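**Q** Show me how the following folds:
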Amino acid sequence: MKILFIGNSATYCNDMPLILEALINANQKSAKVDSVTRGGGRLCENLSDGDKKNAELKELLSVNEYDVLFLQEHGIHGIRNVQGFIDSAGELIPLVGAKRVILYVPCARKEGNEVLTRCGWTNADMVRLANRSYERVAEIYNAEVSSAATCFKKILDVIPDAPLYAEDIAHPSYIGSCVISLVHYRTLFGEAPSDLSALNVESELLEKMLPIIYG
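**A** Now for the predicted structure:
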């Protein structure tokens, strides 16, 4: 299985695509995962001729046929400019030509983050708004949705001190990126992985979170 991620720091943080690749391969399901990402980037930026990431994307597409495309839009842009998200997805999906398209909803900002304050949102508001935006795009393009935002909220509702976020309370911690890989694994295969050895996470914490992730 060949998988391509297009997104920003919510994707590349902690090398999440490589965590997912290792998790898949540890469970006897062969995968090769590539990614095209830029910090703070919007999907539309990957469509500009002459742009470095556009060239990187075209180079990957010249030598690979992808089975799965994951698209991850900028957190605020994806909520406030849904039409822009729709338009970008509408160009990228046929360009990549993958058999499956999965829209990856990144984790919402944690309470206390300045973006929430500036936008007048709670964490729950951002989760709801992001999911609504991604679900709208998914409906248009017959895509699937893999929501880390929903999963993080479910875990924190049960385990408020779960260390899912980095210090900026915007990006995932390493453990948070492992959780995201578990969410994507279920989206891809419809089941939980039996072998978690690829995740360098304390087993007791995983045991607490797994029933929430897959519940």
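**Q** show me where the chain has helices.
**A** Counting by DSSP state H, the segments of the chain that form helices are 9-12, 16-26, 52-63, 77-80, 82-96, 114-119, 123-141, 148-158, 174-189, 203-213.
**Q** Just put those helices in TSV and tack on mean neighbour count, mean pLDDT and distance to residue 71.
**A** All C-beta spots, glycine's among them, are computed from the backbone N, C-alpha and C. Converted to TSV, the helices of the chain look like this (neighbours: other Cβ atoms under 10 Å; pLDDT from 0 to 100; distance: least, Cβ to Cβ, whole Å):
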stretch	mean neighbour count	mean pLDDT	distance to residue 71
helix 9-12	22	97	10
helix 16-26	21	98	13
helix 52-63	14	96	12
helix 77-80	20	95	10
helix 82-96	17	98	6
helix 114-119	13	94	21
helix 123-141	18	98	8
helix 148-158	20	98	13
helix 174-189	22	98	12
helix 203-213	14	92	22
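**Q** The residue lying farthest from the centre of the chain and residue 58, how far apart?
**A** Going by Cα atoms, centre = their mean, the residue of the chain most distant from its centre is residue 50, 26.0 Å out. If you measure residue 50 against residue 58 using Cβ to Cβ, to the nearest Å, the figure is 11 Å.
**Q** just residue 205 next, same as before
**A** The separation that residue 205 has from residue 58, given Cβ to Cβ, amounts to 41 Å.
**Q** returning to what we had before: what about the helices of the chain, which gets the closest to residue 33?
**A** Set against residue 33 and scored by Cβ to Cβ, the helices of the chain come closest in helix 16-26, at 4.0 Å.
**Q** Now the terminal residues of stretch 58-75, how far apart.
**A** Looking at stretch 58-75, the gap from its leading to its trailing residue is 24 Å under the measure Cα to Cα, to the nearest Å.
**Q** Begin at 57 from now on, thanks
**A** Shifting the count to begin at 57 puts that one at stretch 114-131.
**Q** thinking residue 244 is in contact with residue 125, fair?
**A** No - using Cβ atoms under 8 Å, residue 244 is not in contact with residue 125, being 12.0 Å away.
**Q** Spit out the residues that contact these two alike.
**A** Between them, residue 244 and residue 125 have residue 158 as joint contacts when contacts are counted by Cβ atoms under 8 Å, 6 or more residues apart in numbering.
**Q** bridging residues for residue 60?
**A** With DSSP bridges applied, the residues forming beta bridges to residue 60 are residue 90, residue 125.
**Q** Could you double-check that it sits in contact with residue 88?
**A** No - applying Cβ under 8 Å as the test, residue 60 and residue 88 come out as separate, 9.7 Å apart.
**Q** So these two - more neighbours on which side?
**A** residue 60 (23 against 14; other Cβ atoms under 10 Å).
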